[in-house]
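Undergrad: Model the following, please.
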Amino acid sequence: MKALVYNGSGSPSWETIPDPAIESSTDVIVRVDTTTICGTDLHILKGDVPAVQPGTVLGHEAIGTVVEVGSGVSTLSIGDRVIVSCITSCGACQFCRKQMPSHCQAFGATGWVLGNLINGTQAEYVRLPYGQTSTYRLPEGMFDAQALFLSDIFPTGFEMGVRYGRVQPGDVVAVVGVGPVGLAAVATAGLYGASKVIAIGRTRPRIDKAMVMGATHAVSTMDANWMDTVLNLTDGLGVDVAIEAVGVPETLDQAFRIVRPGGHVANAGVHGKSFSLPINDLWIQNITFTTGLVDTVTIPILIDLIKAGRIHPEVMGTHHFRMDSMLDAYSVFEDASQHNCLKTVITR
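TA: Below you'll find the predicted structure:
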């Protein structure tokens, strides 16, 4: 089969490798019909994730068709169309039973194994360990581009931003960073009754997209007085919930600066550098700070919201490619701002 293989820092290649095979009774082999590229994949290519070994197929998001099942799989059949979760769950360990499969013990305390510890989804076929507890059936009539971003991005913004941020009816929510994760938070914050959803970003196209996806107000950090604008929208008190969705110290600091006393700062971005927590200021302000890795346990909820027409993840798929143009897709995604790219949709 063909696959996108990581060959060391800065060296991906679209090459022929052996087809995956069943290795355990709980395995499922899926033909990948649609996949995408995540910002985490770019971090891997930069050498920022040393756990990923050269020779690994990248990718952890996909819609596919089951073509083979292990002897221990009872709830999936050949021909089933499934959403592949970015988190692999054994379904039995202590963390999986607590609805925290991000820390599944089957692979050494992490559920992120696809495209990390084992071969991933940017390929024609993928082997899924614990396939029946790590996939979700694609509902009849739902097309790939609608469901693709439920593999990772939408649950990340929803779980790590909105749910960890404890958004309540009437809250004013600010989302700092309107890339794919931030837009997912924007799109789902209103579902919990937020009275205002303020999208804070740099580039105009993404801020405009946030308004389409559910933001009530948009603020550009290119405006020197942007923080005053946010505070004016909250009677000078600050927002109830600030969701940081970039993953750099600067934006996390901004989130802390715009939250009101008693508020919540929810970190949904992936940070590669340490950050000095201003605890000397936070403790007296009664600020709650949360962070974490997505569990994807909300995928069934998000499926129902798509079916009800409440969310439209497909609008994030701005650029479409065939699998044999995978390297072109990477080139566009790496220079996303130049191409106004949010997410790629890559099909067979």
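Undergrad: okay, now the domains of the chain?
TA: 2-152+296-347, 154-290 (automatic domain parsing).
Undergrad: what's the spacing between the last one and its chain's center?
TA: For domain 154-290, the separation from the chain centroid amounts to 16 Å (computed by C-alpha atoms, centre = their mean, to the nearest Å).
Undergrad: Then the longest one?
TA: The chain centroid and the centroid of domain 2-152+296-347 are separated by 11 Å, computed with C-alpha atoms, centre = their mean.
Undergrad: first to last residue in it, what's the distance?
TA: 13 Å (C-alpha to C-alpha, to the nearest Å).
Undergrad: Arrange the domains of the chain in a markdown table, one row each, with mean neighbour count and mean pLDDT as further columns.
TA: The C-beta positions use only the backbone N, C-alpha and C, and glycine is treated the same way. What follows is the domains of the chain, written out as a markdown table (neighbours: other C-beta atoms under 10 Å; pLDDT from 0 to 100):
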| stretch | mean neighbour count | mean pLDDT |
| --- | --- | --- |
| domain 2-152+296-347 | 19 | 96 |
| domain 154-290 | 20 | 94 |
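Undergrad: who's the residue lying closest to Val178 once chain neighbours are set aside bridged to?
TA: Excluding the flanking residues, the one nearest Val178 by C-beta to C-beta, 6 or more residues apart in numbering is Gly201, at 3.8 Å. Judged by DSSP bridges, the bridge partners of Gly201 are Ser220.
Undergrad: Pop out the phi and psi values for the residue nearest the centre of the chain.
TA: Note on the chain: the residue nearest the mean C-alpha position is Ile153, at 2.2 Å, using C-alpha atoms, centre = their mean. Main-chain dihedrals, Ile153, degrees, to the nearest 10: phi -60, psi -50.
Undergrad: what's it in contact with, if anything?
TA: Cys38, Glu61, Pro180, Val181, Ala184, Pro313, Met316, Lys343 (C-beta atoms under 8 Å, 6 or more residues apart in numbering).
Undergrad: same check, this time on Leu191
TA: Going by C-beta under 8 Å, 6+ apart, Leu191 touches Val162, Leu305, Arg310, Ile311.
Undergrad: Now the second one: closest residue in space, sequence neighbours ignored.
TA: When you say that, I think you mean Leu305. Excluding the flanking residues, the one nearest Leu305 by C-beta to C-beta, 6+ apart is Ile311, at 4.7 Å.
Undergrad: Let's verify that neighbour: helix, strand, or coil?
TA: coil (DSSP: H, G, I helix; E, B strand; the rest coil).
Undergrad: Would you confirm that the residue nearest to Val178 contacts Gly182?
TA: Yes - if you go by C-beta atoms under 8 Å, Gly201 and Gly182 touch, sitting 7.2 Å apart.
Undergrad: what about Val332, is that helix, strand or coil?
TA: Classification of Val332 using three-state DSSP returns helix.
Undergrad: Relative to Ala51, how far out is it?
TA: From Val332 across to Ala51, the span is 26 Å (C-beta to C-beta, to the nearest Å).
Undergrad: follow-up on the earlier one: could you tell me which residues touch both of Gly201 and Gly182?
TA: Residues touching both Gly201 and Gly182 (C-beta under 8 Å, 6+ apart) are Ala210.
Undergrad: Just put the contacts of Ile153 in CSV and tack on distance to Lys209 and secondary structure.
TA: Formatted as CSV, these follow (distance: C-beta to C-beta, whole Å; DSSP: H, G, I helix; E, B strand; the rest coil):
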residue, distance to Lys209, secondary structure
Cys38, 18, coil
Glu61, 19, coil
Pro180, 10, helix
Val181, 13, helix
Ala184, 12, helix
Pro313, 12, helix
Met316, 8, helix
Lys343, 11, strand
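Undergrad: Would you check which pair of those residues lies furthest apart?
TA: Cys38 and Pro313 (14.2 Å; C-beta to C-beta).
Undergrad: how about the helices of the stretch 101-250 of the chain, start to end?
TA: Assigned by DSSP state H, counting those that start in this stretch, the stretch 101-250 of the chain shows helices spanning 144-147, 153-155, 180-189, 204-213, 226-232, 249-258.
Undergrad: any chance of those helices in TSV, with distance to Val57 too?
TA: TSV is the format used below for these (distance: least, C-beta to C-beta, whole Å):
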stretch	distance to Val57
helix 144-147	20
helix 153-155	20
helix 180-189	22
helix 204-213	30
helix 226-232	41
helix 249-258	31
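Undergrad: Return the distance of the nearest residue to Thr133 once chain neighbours are set aside relative to Leu128.
TA: Excluding the flanking residues, the one nearest Thr133 by C-beta to C-beta, 6+ apart is Gly91, at 3.6 Å. Separation of Gly91 from Leu128 (C-beta to C-beta): 13 Å.
Undergrad: Could you check how far Lys343 is from Pro180?
TA: For Lys343 relative to Pro180 (C-beta to C-beta), the value is 5 Å.
Undergrad: hey, what's in contact with both of these two?
TA: Phe149, Ile153, Met316.
Undergrad: from those, which single one is nearest Ala106?
TA: Out of the shared contacts of Lys343 and Pro180, the member with the shortest distance to Ala106 (by C-beta to C-beta) is Ile153, at 23.9 Å.
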